[in-house]
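Novice: Need coordinates for the below:
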Amino acid sequence: MDNEKAPAEQLQHQEHAQASTEATTAPSQSSNDTAVATQARSPWPMRLGLLLVTLLAIAALAASFWLYQQIQQQQLQNQQLQQQIVQAQNAPTQQLQQLSQALQTQQQQLGDTQNTLQKMQQTEEQLGTKVAALAQRHPNHWLAAEAEYLVRLAGRKLWLEKDPQTAVGLLKAADERIAAMQESSLVPLRRAIAEDITAVSEIKNADIAGTVYALDGVIAKLEKMPLNRLQQQDEPEADDQQVTTSLSDWRTNLAKTWRALKDDFFTIRKVSTDVTPLLSGKQEWYLEENIRNKLLQAQLALYQYNELNYRQSITLARKWIQQYYDLEDSSTQEVLASLEALASLKLDAITVQQFNSSKQLKQLVTYGNLLPNEEVAP
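Specialist: As a prediction, the model looks like this:
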């Protein structure tokens, strides 16, 4: 009995446990359904909130960027204002510096002007002293100044113009001025002038101007001279070449026939001068210009007192004329004779470097008399 009750109790116990389990699981299922319903309704507000947050964040970033630009512009404006303030503060300083520099420049100019005025005053005083000294000098002082000028002019004629003859005349004129002073203390000066006259007189004088004019005459005759051309022999007359019909003239006819055959194949001419090729018109012009150029070079060598170049130019011009022009023509013979005479011109070198009287004349003009050797300024 007891064993039969036990299974029944166990069945009841199991049913009771199953009922409690179902009762327990029923509320949990209802809560899950509520959660699912809640999750189904929640996404739209959350998305809207997220959108609002994003928009607020973008607006905040834009506002921050705008504020940053405003701050940067404000800083640039502040910097510009600071620079303007600094420039406004420095402007008076720069103006003061410029004014001080201008004042210094004006002071320097004033100092230079004062120095110039002082120099002018000193020069004026020196001139006054010299004028007073000249006023106290002997009237012969002007003769000494004229003699010094003549000696300087003689040096110019001798060394620049290569004219020793005129230089001698000027030195003699200077000696006449010194002699007119009639002072025994000037004997050394006259002795020095005499030495200068002797030294210049020893230079052989060449007529430079006359030689140049003679060369001009030769140049003018170049166009009139004929070239050396080959002359053709006269052709025999036609009557002399005809053969006669007489038998007695067979020797003459044979000679005429041989002469005709020879003239057809050979031309024989006798030339007494050197054979030179005939020149064309252009070549003739070049030849004439080359000869003229050499004669002009000879003139330039005369002015330079260069005897070597002078002779070489004359010699080459004569050679070309003898080679290319007709030597039997009278114009050619006159030109060759003139060039031969001109080639004999001699140009002596000027060995006089300075005049002995120049230093003493300078002493006489400056001090009014000749100084001893130990007092002469270097």
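
Novice: how about low-confidence regions in the stretch 201-350 of the chain?
Specialist: Along the stretch 201-350 of the chain, segments meeting pLDDT under 70 span 229-250, 261-282.

Novice: mind listing the helices for it?
Specialist: Counting by DSSP state H, counting those that start in this stretch, the stretch 201-350 of the chain has helices at residues 208-221, 238-241, 250-265, 281-303, 307-324, 330-343.

Novice: got the angle for the fifth one vs helix 281-303?
Specialist: Calculated by axes from the mean of the first three to the mean of the last three Cα atoms, to 10 degrees, helix 307-324 forms an angle of 160 degrees with helix 281-303.

Novice: Can you give me the domain boundaries for the chain?
Specialist: Annotated domains of the chain cover 53-136, 141-205, 208-228+264-343 [automatic domain parsing].

Novice: Highest mean neighbour count out of the ones you listed?
Specialist: Greatest average neighbour count among the domains of the chain goes to domain 141-205 (a mean of 18), per mean count of other Cβ atoms under 10 Å. For glycine as for every other residue, the C-beta is placed from the backbone atoms N, C-alpha and C.

Novice: Could you pull out the buried residues of stretch 358-377?
Specialist: S358, Q360, L361, Q363, L364, V365, L370 (16 or more other Cβ atoms under 10 Å).

Novice: So which of those residues sit within helices?
Specialist: Using DSSP state H, the members of the buried residues of stretch 358-377 that fall within helices are S358, Q360, L361, Q363, L364, V365.

Novice: Dump these to a markdown table, plus distance to M225.
Specialist: Listed next are these as a markdown table, based on distance: Cβ to Cβ, whole Å:
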| residue | distance to M225 |
| --- | --- |
| S358 | 51 |
| Q360 | 57 |
| L361 | 54 |
| Q363 | 61 |
| L364 | 59 |
| V365 | 58 |
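
Novice: Just give me the closest of the residues you listed to Q312.
Specialist: Nearest to Q312, judged by Cβ to Cβ, of those is S358 at 36.4 Å.

Novice: Grab the nearest non-local neighbour of that closest one.
Specialist: The shortest distance from S358 to any non-neighbouring residue, by Cβ to Cβ, 6 or more residues apart in numbering, is to V151 (6.1 Å).

Novice: what helix or strand does that neighbour sit in?
Specialist: Assigned by DSSP states H and E, V151 belongs to helix 141-159.

Novice: what pLDDT, on average, does that helix get?
Specialist: Averaging pLDDT along helix 141-159 gives 89.

Novice: circling back: could you double-check that the residue nearest to S358 sits in contact with F355?
Specialist: Yes. The criterion here is Cβ atoms under 8 Å, and V151 meets it with F355 at 5.9 Å.

Novice: Next, show the common contact partners of those two.
Specialist: Shared contacts of V151 and F355 (Cβ atoms under 8 Å, 6 or more residues apart in numbering): L171, D196.

Novice: Name the single longest helix found in this structure.
Specialist: Longest helix in the chain by number of residues (criterion: DSSP H): helix 43-136.

Novice: tilt between it and helix 141-159?
Specialist: Using the same axes, to 10 degrees: helix 43-136 against helix 141-159 is 120 degrees.

Novice: as a whole number, average confidence for helix 43-136?
Specialist: 83.

Novice: still on that earlier bit, what about the residue nearest to S358, distance to Q70?
Specialist: Distance, V151 to Q70, using Cβ to Cβ, to the nearest Å: 97 Å.

Novice: residues touching P164, list them.
Specialist: Going by Cβ under 8 Å, 6+ apart, P164 touches K157, L158, V200, S201, I203, N205, I350.
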